[in-house]
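Visitor: Please find the sequence and the predicted model below.
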Amino acid sequence: MNGPALFVPHRLPGALVPGRLRARPNRFLGVVELADGGVVEAHIADRGRLEAILFPGAEVWVVPSASPTRRTAYSLVCARCPSLDGLAGGGPLACLDPAGANRLVRALLEAGAIEGLPRVFGLRQEVRVGASR
C-alpha cells in the first residue's frame, strides 16, 4: 500500500507500547523488553507457532492489562514481519490478536487498502445463512 499509513484501533483498552521480543517460553507467553528498558511478560492470543514473526529481537507492540485475574500484565498485539526484499525498517505489521481480525479486515476493505480489491462499504460481519455464520 502506498500513501499514508492506515491506523486501525485494536480491540483492547490502552495504548500500544513498543518493545522487542526477548523470548517465547511457550505459545502463549512472550518476554518483551520495552522501549524504556523494562522487561514484561505478555500474553500471546494467537496459538500459532509464528516462528517467522516471533523470534528474539523482533519488533513488537504490547498493551497493558488492568485485570487483576490475569497472569500477565500485558497482551502482545502485533509484530513487525521481516522484510522480504531486504529494505531497512522491516516488513508489514502482523496482527496477533485473532479476535480483532474482523475489525482489521473491515477497516482495510473500507479504506481500499488491499491491492487488487475495490473499496467496499456496508459490510456485515458473520451473517447467518441457515444454521451457520
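Guide: Yep, it's here.

Visitor: Could you count how many residues lie near residue 111?
Guide: 14 (other C-beta atoms under 10 Å). In short, each C-beta sits where N, CA and C put it, glycine included.

Visitor: Run a quick check on it versus residue 119, I expect a contact.
Guide: Yes. Using C-beta atoms under 8 Å, residue 111 is in contact with residue 119, at 7.1 Å.

Visitor: how about low-confidence regions in this structure?
Guide: 1-13, 85-89 (pLDDT under 70).

Visitor: mind checking the longest strand of it?
Guide: If you go by DSSP state E, the chain has its longest strand at strand 17-26.

Visitor: Show me what it is in contact with.
Guide: 30-35, 39-40, 44, 54-64, 74, 79 (C-beta atoms under 8 Å, 6 or more residues apart in numbering).

Visitor: Can you say which of the residues you listed are buried?
Guide: Neighbour counting by 16 or more other C-beta atoms under 10 Å classes 30-34, 40, 44, 54, 58-64, 74, 79 among the contacts of strand 17-26 as buried.

Visitor: Could you pick out which of these are located in strands?
Guide: Assigned to strands by DSSP E, the following of these qualify: 30-34, 40, 59-64, 74, 79.

Visitor: Most widely separated two among these?
Guide: Put simply, by C-beta to C-beta the two of these set farthest apart are 59 and 64, 18.1 Å from each other.
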